[in-house]
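[1] Just the structure for this:
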Amino acid sequence: MQIKVLGAARQVGRSGFQVNCENANYLLDYGVLFGRPPQYPIHVRPRDIDAVVITHAHLDHSGNVPSLFVNGKSDVYATSPTFDLSNLLITDMLKLEREAHPFGIPELNNMMNHAKNIGYREKIKIGNSSIELRSSGHVVGGSTVLVESENKRLFYTGDINPKGSRMVAEADLDFGEVDLLITESTYSQTEQMQRKEVEEGFIEFVNEVMDRKGTLFVPAFSVERSQEIACVLNAFGFKHKVVMDGMALKVNEIILRYPEFLRDPKFISDSIHKAIWIKNEKERKIASEEPCVIISPAGMLVGGNAIYYLQQLAFNKKNGIALVSYQGEGTPGRKLLESGLISSRGKNVKVNAEVRQFEFSGHADRNGLFELVKGIKGNPKVLTVHGDSNSCVNFAEEIHERFGLDAHSPEVGEIISI
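    Numbers count the residues shown, from 1 in each chain. Have a look, this model is predicted:
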């Protein structure tokens, strides 16, 4: 089995791994790294791929798959929620960045025409090899991938959260011995606060803003984070009005179609439906003028209805802004967090609303990643990917020191054989 690293080497974004077995060639993820211009994994010829696997819908894992369908026709495997969410997110990406990508809606439609929905633990055989998805605990429908060929076994984590969340159950890590582990390293150098403490701190802030008759704005990722925040508010018996807006509403509809992928379908449905779903500008304006919690993408304040709410709420000290999503470098959210400034009418303006950040991460932290590696059976090679350079390199060194495994932080284009 031969693995070529196409992307996500010493960086977060543009994930892609080509796995060549004796009778089959697989592509595990094929994402995009946003920027001007966007960056993609190393190009692969569609005719060199027998099957594409999308671990989950986030664009750094799914966003470049349509490029394979300019003239290709490979089968694409993923869970049903992953396909629906990927379709939504890629469509939105193309709407916002129409000229930036080498493909468009026709290629996306072609990709969806080749979609093969598979469930967890459903083994798909191609030639003398097979692929199998397991639940990752990261997002609804999110998966890890097990590839087997000629008595060799590869386990790819994609993005993983062994503990799961209020939305999805724990990751399925019962997969036996492996010869190669490809693991994300996003938070390998960070110990995160316990989720219970994060939630309690968030609720405390929510109540402080309500007590002073303010409005709390929660810019959140549309896929899962928005819904998770609604669940947290419900779990703590929050009595005030909760509003949801933007693409989160379409995501609500998708995930509620797949109760079998949810940790507690009834509770999640109740939490989402307790919120008021904003339908128009008038409702949006009313919501921004009264004490309530407003949940709306974009999580990093890069667009969407979040911009409207930010402009309406940022300059009143009674209000609050709770950043609950990862804030990437160079984003308006990171700028707000570090400087307390936002852009308004072409100028940098000081925000008067109280801004706090809460770590609602969908990834394993340092301790979780070490537990994951510790639990791996066999004596596998380990590739540390999907983290900044420091995270990937240090994590590989630490894995070797702690467990004696052959661990390595690969570079883009590197080929590994097992």
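
[2] just the helices in the stretch 51-200 of the chain please.
    In the stretch 51-200 of the chain, the segments counted as helices under DSSP state H, counting those that start in this stretch are 59-62, 80-96, 105-113, 195-211.

[3] tell me which residues of the first one are tucked away?
    Buried residues in helix 59-62, counting neighbours by 16 or more other CB atoms under 10 Å, are found at 59-62. Every residue, glycine included, has its C-beta placed from N, CA and C.

[4] same thing with the second one?
    Counting neighbours by 16+ other CB under 10 Å, one finds that the buried residues in helix 80-96 are 80-90, 92-94.

[5] who touches that helix?
    Applying CB atoms under 8 Å, 6 or more residues apart in numbering, the set of residues contacting helix 80-96 from outside is 32, 54-59, 62-63, 65-66, 78, 101, 104-105, 108, 112, 115, 117, 139-143, 222-223, 247, 250-251, 254-255, 257-258, 261, 303.

[6] Show the buried residues in these.
    For those, a neighbour count by 16+ other CB under 10 Å gives the buried set as 32, 54-59, 62-63, 65-66, 78, 101, 108, 112, 115, 139-143, 222-223, 247, 250-251, 254-255, 258, 261.

[7] Just the CA coordinates for the helix or strand where Gly333 lies, please, in CSV.
    In this structure, Gly333 sits in helix 332-339 according to DSSP states H and E. Written as CSV, here are the backbone C-alpha positions of helix 332-339 (Å, rounded to 0.1, in the frame of the first residue of the first chain):
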residue,chain,number,x,y,z
PRO,A,332,-12.5,39.6,11.0
GLY,A,333,-13.2,37.4,14.0
ARG,A,334,-9.5,37.1,14.9
LYS,A,335,-9.2,40.9,14.4
LEU,A,336,-12.1,41.6,16.8
LEU,A,337,-10.6,39.1,19.3
GLU,A,338,-7.1,40.6,19.3
SER,A,339,-7.8,44.3,18.8
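
[8] Which strands or helices does that helix pack on?
    In terms of contacts (3 or more CB pairs under 8 Å, 6 or more residues apart in numbering; DSSP states H and E), helix 332-339 is packed against strand 320-323, strand 341-344, strand 354-357.

[9] so which of those is the most packed in?
    With neighbours defined by mean count of other CB atoms under 10 Å, none of those is more surrounded on average than strand 320-323, at a mean of 24.

[10] from the chain's centre, how far out does it sit?
    Computed by CA atoms, centre = their mean, to the nearest Å, the chain-centroid distance of strand 320-323 equals 21 Å.

[11] Next: stretch 238-245.
    24 Å.

[12] With stretch 360-380 instead?
    Distance of stretch 360-380 from its chain centroid, counting by CA atoms, centre = their mean, is 17 Å.

[13] Can you mark which positions in it are buried?
    Residues of stretch 360-380 classed as buried by neighbour count (16+ other CB under 10 Å): 360-366, 368-370, 372-373, 376, 380.

[14] Which of those residues fall within helices?
    In helices, judged by DSSP state H, the following of the buried residues of stretch 360-380 are found: 366, 368-370, 372-373.

[15] can the residues you listed go into CSV with extra columns for distance to Lys350 and pLDDT?
    Converted to CSV, those look like this (distance: CB to CB, whole Å; pLDDT from 0 to 100):
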residue, distance to Lys350, pLDDT
Arg366, 35, 96
Gly368, 38, 96
Leu369, 38, 97
Phe370, 41, 97
Leu372, 43, 96
Val373, 45, 97
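
[16] Report the rounded mean pLDDT for the host helix or strand of Tyr309.
    Element membership for Tyr309 (DSSP H and E) is helix 306-313. Per-residue confidence for helix 306-313 averages out to 94 on the pLDDT scale.

[17] Please list the residues outside it that contact it.
    215, 217, 219, 245-246, 284-285, 288-289, 294, 296-299, 301, 319, 321, 342, 344, 353.

[18] ok, 10 Å please
    214-220, 243, 245-246, 281, 284-285, 287-289, 294-301, 319-321, 332-333, 336, 342-345, 349, 351-353 (CB atoms under 10 Å, 6 or more residues apart in numbering).

[19] Could you pick out the buried ones from the residues you listed?
    Among the contacts of helix 306-313, those scoring as buried are 214-220, 243, 245-246, 284, 287-288, 294-301, 319-321, 332-333, 336, 342, 351, 353 (criterion: 16+ other CB under 10 Å).
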